[in-house]
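In: Test case, fold it:
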Amino acid sequence: MVSLTALWLPIVLSAVLVFIASSIIHMLLTYHRSNYGKLPNEDVLLAAMRDAKLPPGNFGFPWCASPKEMGSTEMTEKYKQGPVGFMTVMPSGAPAMGKFLAMWFVFCLVIGVFAAYLAGRTLGAGTDYLTVFRVTGTVAFLGYAVGQVTNSIWMGVLWSSTLKHVFDGLVYALLTAGVFGWLWPS
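Out: Sure, this is the predicted structure:
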């Protein structure tokens, strides 16, 4: 068994490398630019949402309060007419990138802590690189990538967007695994 305190360096370094890699992926590479498109008649729709005083939050439309209501003739007709979807509304103003980046870095640290915890409980000091790589990489992949799939299953996110995020998660997991394998206590 290896304690979490003995793994503080790979936890922090893997978070830093994932943070840098994600910055490169999102700022320099172009494959995520197609994840979102412009709304048709954007000005009209934005004006309507402003007039409705739409607060920040998550919304589903058309809205029904219960599964029983979902099967009603009225709701069935609303679904047929469309549109049907989910929408997240954020507070007005420029996105708080500093806050988002800080939360992302903390999330990267959390993934590192879970990878360290599981590996530290199942592997001993001196475990070979590849074994450490496999265990920590699997945990990191689960944390960074697999949860993205539920967005396509339940929220209608395009599979192409989800698969790009899963690929990113694989890159982040490989970086995490490499750092843990390299810095694993002997």
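In: any idea how far Leu170 is from Ala6?
Out: Separation of Ala6 from Leu170 (Cβ to Cβ, to the nearest Å) stands at 27 Å. Just so you know, the C-beta spots here come from the backbone N, C-alpha and C atoms, and that holds for glycine as well.
In: likewise Trp184?
Out: Trp184 is 21 Å from Leu170, by Cβ to Cβ.
In: now do Val2
Out: Using Cβ to Cβ, we find Val2 at a distance of 25 Å from Leu170.
In: Have a look at these two and say which one is more surrounded.
Out: Val2 (20 against 15; other Cβ atoms under 10 Å).
In: what sits against the nearest residue to Asn35 once chain neighbours are set aside?
Out: Of all residues not flanking Asn35 in the chain, Ser161 sits nearest, at 4.3 Å (Cβ to Cβ, 6 or more residues apart in numbering). By Cβ atoms under 8 Å, 6 or more residues apart in numbering, the residues touching Ser161 are 32, 35, 152.
In: Just the pLDDT at Ser161, thanks.
Out: On pLDDT, Ser161 comes in at 97.
In: In contact with the residue nearest to Tyr31 when sequence neighbours are not counted: list those residues for me.
Out: Using Cβ to Cβ, 6+ apart and skipping residues adjacent in sequence, the residue nearest Tyr31 is Lys164, 5.8 Å away. Under the criterion of Cβ under 8 Å, 6+ apart, the neighbours of Lys164 are 31-32, 35.
In: so how far is the host helix or strand of Leu17 off the chain centroid?
Out: Following DSSP states H and E, one finds Leu17 within helix 8-27. Distance of helix 8-27 from its chain centroid, counting by Cα atoms, centre = their mean, to the nearest Å, is 15 Å.
In: now swap in stretch 26-33 and tell me
Out: 16 Å.
In: What lies in contact with it?
Out: Contacts for stretch 26-33 (Cβ under 8 Å, 6+ apart): 25, 161, 164.
In: do you know how far the last one is from Asn151?
Out: Applying Cβ to Cβ, one obtains 12 Å for the distance of Lys164 from Asn151.
In: just the first one next, same as before
Out: Applying Cβ to Cβ, the value for Ile25 to Asn151 is 18 Å.
In: just Met1 next, same as before
Out: Met1 sits 36 Å away from Asn151, taking Cβ to Cβ as the criterion.
In: Neighbour count: these two, which is higher?
Out: In this view Met1 and Asn151 are compared by other Cβ under 10 Å, and Asn151 has more residues nearby, 16 against 9.
In: which ones are touching the more buried one?
Out: Counted by Cβ under 8 Å, 6+ apart, Asn151 has contacts 157, 162.
In: What average pLDDT does stretch 75-88 get?
Out: The predicted model assigns stretch 75-88 a mean pLDDT of 93.
In: Provide the contact partners of it at residue level.
Out: Identification of contacts with stretch 75-88 by Cβ under 8 Å, 6+ apart yields 57-62, 64, 69, 155-156.
In: Cheers, nothing more for now.
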